[in-house]
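make a model of this:
(2 chains)
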Amino acid sequence: MKRVTCFLALVFVATAASLQGQRESLARLVRQEQLANGLTLIVSENHVVPLATVAVVVRTGAFTQEASDAGISHLYEHMLFRSYRGGEGGWDQEVGALNGTSNGSTSAESVNYYMVLPSRHVGTAIEMLARLVRDAYFDNNSLTLERKVVLGEIERNLAEPLHHLQTEVAKSSWGSSFSRKDPLGTPESLKLIESSRLKEVFQRYYVPNNAALIVTGDVDAAQIFSLASKSFEKWKRGPDPFIAHPVPAMAPLQQTKIAIIQADTREVTVMLQWPGPSVETNTAATYSADLFSSVLNAAGSSFQVRLVGSGLFQSVSIDYETLRHLGPITLTGVTTAPDAERALTALLEEMYKFEGDYFTDQDLAIARKRLKVASVFALEQTAQRAHTIGYWWSVSGLDYYLSYVDNLGSRSANDLREFATKYIVDKPMSIGVLVSPGEAPMIRAAVAKVFGLTGGR
Amino acid sequence: MDLRIVSAWGLFAVLGFAKHPWRGERTGFGGTDQIAATAVDTATESYEVGGIRIIQRHNPANTAVVVHIYLLGGARQVTSATAGIEPLMLESSGHGTLHYPEGEALDALALTGSTIEVAAEMDWTTFELGTTTEELDSAWAVFADRLVHPTLDPAAVELVRARMLSARRLNSSRPDAVLDRLADSVAFTGHPYEVNPIGTERSLQSITPAEVKRYHADQVVKSRLLVLVVGNASRQHVERLIRERLAALPQGNYSWTLPPPVPVRDNSMTILPRRLPTNYIGGYYPGPLANSEDFPAFRLATELLSSMLYSEIRAERGLSYTAYSPFLELGASAGGVYASTTAPDKVFPLIASGMSDVFYARFAGFELRRFVEQFITEYYLRNETSAGQADYLARAELYRGGWRHANKFMEDLRAVSPADVRRVARKYMGHVQYVYVGDTTRMKQYMRQ
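Model prediction:
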């Protein structure tokens, strides 16, 4: 019997060094090359288990969608799998023959197709993915069938009350640019998409100079580069899609907006959202945003103690989504109707304190320590690392990923204060509240009183 | 079929339980070659310290360390009136202990960057620490004090109770969570699992702080604990920490056993009318105990059914985004069916025909091996992380008679024949307690049949 030395393999080691110096550690683990056709190749070896994750990431997603195309980037993610080998439906069977699993994902600024399988089949997986993105075939029969599946996905979302809150807040935040933040689209927009339009948009973005192949796991980087070169060399370079079709700037939020969403719910869920920084034009602020979130979300932080520890909210959390085309800063809190006015008042008071000496050295020390421990656990997840690398490559570039922990560690309390002042305090925001019909009038009045506003949808 | 209609407004609040991931990820049909022969695990050892059983796997590949303490019993520890008391106790411990009063417990843990999670499941509750080699001593001090010396101040219990109740109320408007709770309540009638250890609104509202304290004094005993440690820590280090911090617990006289099998009943359909953008079909069929000879074949049969449901319902007809057969990996296992669809009258017959295909299918051994090898891929994926390895070892210890059986499961799967699969499918899959949440007018055609 074979001894289990794979669990003790030391080919990959994540050092528990200080946050400074993580870039060097990560850079040793990640190798990058580029083919003549512009395809980026990224490999990260980890020999703990005999698996490989192979992913193709394309720099597209919601942000490339016109209003009339809402949902198209997600629909052709579905269509690619169905269209494999000219629509004979062989993708699942071929993946299964390799003992693998596969899936895809579409987000605001990234589309990802991947397989996880025994590492000895990595060459076949690379060839399959090359064929998938290179030889796409869209026909109306497949479109009819897959549109039904995607509609099913949308219908599931529509059955969730929280989805309506998130959608209404996003619509308020982004206005006419909403389709560029909504990967799924709506049943109405989906029905209008024809296969000719799918093909046109696909040909625009699915070019090797707008894509990356990511391979992680029990592999040899040099071998992967060689295999990928052979499999992808026939994929023809295309025009830079963002020169011919530049993405218009997101319309800035000019004034605070309120939406009251009535649904079958027994709690009051409050969502506040602000347009946050762009990773392209204000990279430093994105690190501040993440550290800011980490500080406020820490269980023992004064923010949590005063808002949740007091019983005013059952939970409060803040999140920043790193994006090139403005990432939203979103605060979500759950309270009850009788507590809502006091809870919102306390929240607003807390937000005004962000401009002062709110962030302590201990806050930052805790946030950095949490990040350090989290990065150790993140490095265990080799399959997930392919998705993480792919996402960052698409949104911000690989160097952002490699330098992330180091840059986060260098933020100061003053940086967090500046971030809050620039993006949050007294800035226009979208306010959404999810509440039952019976309690909606009380909540509408409370929101108007606390934020000094009237109206609300 | 026995048809019962449950009024939506009479239903108690529900909670989506973490063990029911209604997933939509595609899986393939499997290949024929194998990853690796079964391996002997030389990285793991088990021992006892002061009456506490420990299983430890050494992993020096990085600096992660996880400690999972399993408080055994789960649903069998509670009644419908006390359900939720164990997670309430453990969560409340975060708000003060003997050595870290009030907020000091949160602060002390925060300074280590470590995490502590509580997860209540049908067979046990896990109290989980995620830390690093460097922070282990400091994090363990807080972690152990929370288990051994929680203050359980009434104000802390009330705060945590309010949060848990809020979570239940939020879930009562989520269709998947409603379906989950309905499916559990119907499938496990007359079995210990009919009491959900995460609690209901009613039980959580009625538990008093005094009862929580009494529960801690009576039930947190060494004989009810199983400690899993995976990561970069030596045995000597772990032994010292356990000896220093957990020795104060009383021994107790708890003895772990598997639960009884879930009773087999005729098929039934329970309907919860709701007007929703889509409709939700679910249901469970009881399976063998986790240590039964039938278990490996049952696991494969469920996986086969899952593949058929995905293929017939989603891939070929586009009738659902998510259609599959969930598997409950419990001491008393169960399989199930799940689909969300706007055409339930078309999907129900496909579920029935999918099962029939598994009962009677003529497929060759090599086709079955495809699924077995796919399990092995998933086995390695689960064992990528320290937490995954801890969970896998604990289930082998508690469900299969010893952690050393963990790797043997793959051998057992490979030994299953097509005839075994058909036999267990007919034995177990024919007794489904279906549940439906949605528009009943869309089911008329199927119900008339």
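
mind checking the SS state of residue B:256?
Recorded secondary structure, residue B:256: coil (DSSP: H, G, I helix; E, B strand; the rest coil).

ok, it to residue B:229 distance?
19 Å (C-beta to C-beta, to the nearest Å). In short, each C-beta sits where N, CA and C put it, glycine included.

residue ranges with poor pLDDT in the stretch 101-250 of chain B?
Low-confidence segments of the stretch 101-250 of chain B (pLDDT under 70): none present.

mind jotting down where the helices sit in it?
Here the stretch 101-250 of chain B has its helices, by DSSP state H, counting those that start in this stretch, at B:104-110, B:136-148, B:154-171, B:175-187, B:201-206, B:209-219, B:235-246.

returning to what we had before: more neighbours: which of residue B:256 and residue B:229?
It is residue B:229, of residue B:256 and residue B:229, that has more neighbours when counted by other C-beta atoms under 10 Å in any protein chain shown, with 25 against 16.

which one is that one nearest to, not counting chain neighbours?
Closest residue to residue B:229 apart from its sequence neighbours, by C-beta to C-beta, 6 or more residues apart in numbering or on different chains: residue B:56 at 4.4 Å.

neighbours around the one you found, how many?
Residue B:56, neighbours per other C-beta under 10 Å, totals 24.

ramachandran angles for the residue sitting nearest the centre point of chain A?
The structure's chain A has its C-alpha centroid closest to residue A:107; by C-alpha atoms, centre = their mean the separation is 5.9 Å. Here is the backbone geometry of residue A:107 (degrees, to the nearest 10): phi -130, psi -170.

how close does residue A:428 get to residue A:175?
Residue A:428 is 11 Å from residue A:175, by C-beta to C-beta.

got it, and residue B:424?
Distance from residue B:424 to residue A:175, by C-beta to C-beta: 57 Å.

so residue A:344: helix, strand or coil?
What three-state DSSP gives for residue A:344 is helix.

for residue A:306, same thing?
Under three-state DSSP, the three-state class of residue A:306 is helix.

end-to-end on stretch B:117-134?
Stretch B:117-134 has an end-to-end distance of 20 Å (criterion: C-alpha to C-alpha, to the nearest Å).

pull out the buried positions in it.
B:118, B:120-134 (16 or more other C-beta atoms under 10 Å in any protein chain shown).

can you verify residue B:280 is assigned to a strand?
Yes - according to three-state DSSP, residue B:280 belongs to a strand.

and it, what does it touch?
B:175-176, B:178-179, B:338-340, B:436-438 (C-beta atoms under 8 Å, 6 or more residues apart in numbering or on different chains).

buried deepest among the helices of the stretch 101-250 of chain B, which one?
helix B:175-187 (a mean of 24; mean count of other C-beta atoms under 10 Å in any protein chain shown).

do that helix and chain A come into contact?
Yes - contact of helix B:175-187 with chain A (C-beta under 8 Å from any C-beta of the partner chain) involves residue B:175.

tell me what that helix is packed against?
Contacts defined by 3 or more C-beta pairs under 8 Å, 6 or more residues apart in numbering or on different chains; DSSP states H and E place helix B:175-187 against strand B:268-273, strand B:279-289, strand B:433-438.

tell me where the chain has strands.
In the absence of a named chain, this looks at chain A. A:2-3, A:30-34, A:40-45, A:51-58, A:101-106, A:111-118, A:211-217, A:257-262, A:268-275, A:315-320, A:328-335, A:430-435 (DSSP state E).

was after chain B, sorry
B:2-5, B:39-40, B:44-49, B:52-58, B:64-72, B:115-120, B:124-132, B:225-231, B:268-273, B:279-289, B:323-324, B:327-328, B:332-341, B:433-438.

strand partners of the last one, parallel vs antiparallel please.
By that I understand strand B:433-438. Strand B:433-438 pairs in its sheet with strand B:268-273 (parallel), strand B:279-289 (antiparallel), by DSSP bridges.

quick check: angle from that strand to helix B:175-187?
On the basis of axes from the mean of the first three to the mean of the last three C-alpha atoms, to 10 degrees, strand B:433-438 is oriented at 150 degrees to helix B:175-187.

output strand B:433-438 as CSV, restricted to C-alpha atoms.
Below are the C-alpha coordinates for strand B:433-438, written out as CSV (Å, rounded to 0.1, in the frame of the first residue of the first chain):
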residue,chain,number,x,y,z
GLN,B,433,-41.6,11.7,1.9
TYR,B,434,-42.1,14.4,-0.7
VAL,B,435,-42.6,18.0,0.1
TYR,B,436,-43.7,20.9,-2.1
VAL,B,437,-43.6,24.6,-1.6
GLY,B,438,-45.3,26.6,-4.3
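
what do residue A:428 and residue A:175 both touch?
In terms of C-beta under 8 Å, 6+ apart, residue A:428 and residue A:175 are both contacted by the residues residue A:253.

picking that back up, show the contacting residues for the residue nearest to the centre of chain A.
Residues A:61-62, A:183, A:391 are the ones in contact with residue A:107 under the rule C-beta under 8 Å, 6+ apart.

got the residues of the stretch 101-250 of chain B near chain A?
Checking the stretch 101-250 of chain B against chain A by C-beta under 8 Å from any C-beta, the hits are B:103, B:106-107, B:109-115, B:130-135, B:159, B:162-163, B:166-167, B:169-170, B:172-175.

residues near residue A:289, how many?
By other C-beta under 10 Å, 28 other residues sit near residue A:289.

for residue B:388, same thing?
Residue B:388, neighbours per other C-beta under 10 Å, totals 18.

correct me, but it touches residue B:378?
No - look at residue B:388 against residue B:378 with C-beta atoms under 8 Å: they stay out of range, at 10.5 Å.

separation between residue B:419 and residue A:211?
From residue B:419 over to residue A:211 (counting by C-beta to C-beta), the distance is 47 Å.

who's more crowded, the two?
residue A:211 (25 against 10).

quick one, what contacts that one?
Residues near residue A:211 by C-beta under 8 Å, 6+ apart: A:39-40, A:56-59, A:133.

got JSON lines for these, with pLDDT too?
Putting the contacts of residue A:211 into JSON lines (pLDDT from 0 to 100) gives the following:
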{"residue": "A:39", "pLDDT": "98"}
{"residue": "A:40", "pLDDT": "98"}
{"residue": "A:56", "pLDDT": "98"}
{"residue": "A:57", "pLDDT": "98"}
{"residue": "A:58", "pLDDT": "98"}
{"residue": "A:59", "pLDDT": "98"}
{"residue": "A:133", "pLDDT": "93"}
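
closest to chain B out of those?
Checking these against chain B by C-beta to the nearest C-beta gives residue A:56 as the nearest, at 16.1 Å.

show me what contacts that closest one?
Shown in contact with residue A:56 (C-beta under 8 Å, 6+ apart): A:112-114, A:129, A:132-133, A:211-214.

PyMOL command to pick out the buried ones of those?
Of the contacts of residue A:56, the buried ones go into a single PyMOL selection, burial set by 16+ other C-beta under 10 Å:
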select buried, chain A and resi 112+113+114+129+132+133+211+212+213+214
